[in-house]
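1. sequence plus the predicted model coming up.
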Amino acid sequence: MAVNRGNVRLRGLAARDHALHAAHLLRLTAQDRRARFNTALSDDAILAYSRNLDWRHVWVFGAFVDGTLRGLAELIPDKQGKEAELSVSVERAYQHAGIGKLLSLAMVLIARRTGIGTIHIFHVPDNLGMRALARDLGATTIVEPGLLEGVVSLPAGPTPHAGEARTR
């Protein structure tokens, strides 16, 4: 499907957007769920994942096409806030339109802004979309049994201002 970039809008998601988040993940095909989670997940498992997401400590951005959430990126920092895992999902009909890359670049900006120095991107070897995203982000690839890990080292970026608070 051709996507008019003018119809794509990014925005941060919060706990109040849980239903949108879950609905997007449920629309993923079985193959795309495996690509996103590195394993097959049932509807119940998807709902549990979305329900149990720690919205206070995870950055979530959505890509809305004509007002409907069609792509999602999550940046999950470690306890020290120095490293994070990036995951991206885009519904099948909207893949290969640059949405995943747009979401990934937004997450890189967030990582730099919040002091995260390393992003990890885990994906199964046949997930060519994530392979391409990791490569485009300059990731070094580590091969593990049945899994690839892209490691993106970010240059030091601006630090948050003293009074800047994270709101959710």
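-> Cool, the structure landed. Numbering: from 1, shown residues only.
2. rest of the way, CA atoms for contacts and neighbours
-> Will do.
3. list the residues that contact the most centrally placed residue in the chain.
-> Nearest residue to the geometric centre of the chain (Cα atoms, centre = their mean): residue 73, 2.2 Å. Residue 73 makes contact with 60-62, 86-89, 100, 103-104, 107, according to Cα atoms under 8 Å, 6 or more residues apart in numbering.
4. one more: residue 76?
-> 57-59, 84-86.
5. pLDDT for those residues - can I get that in a markdown table?
-> Shown next, in a markdown table, are the contacts of residue 76 (pLDDT from 0 to 100):
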| residue | pLDDT |
| --- | --- |
| 57 | 93 |
| 58 | 96 |
| 59 | 97 |
| 84 | 97 |
| 85 | 97 |
| 86 | 97 |
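6. the longest strand in this protein is where?
-> If you go by DSSP state E, the chain has its longest strand at strand 68-77.
7. sorry, back to before: setting aside sequence neighbours, what's the nearest residue to the residue nearest to the centre of the chain?
-> Take residue 73 and drop its neighbours on the chain: the residue closest to it by Cα to Cα, 6 or more residues apart in numbering is residue 88, 4.3 Å away.
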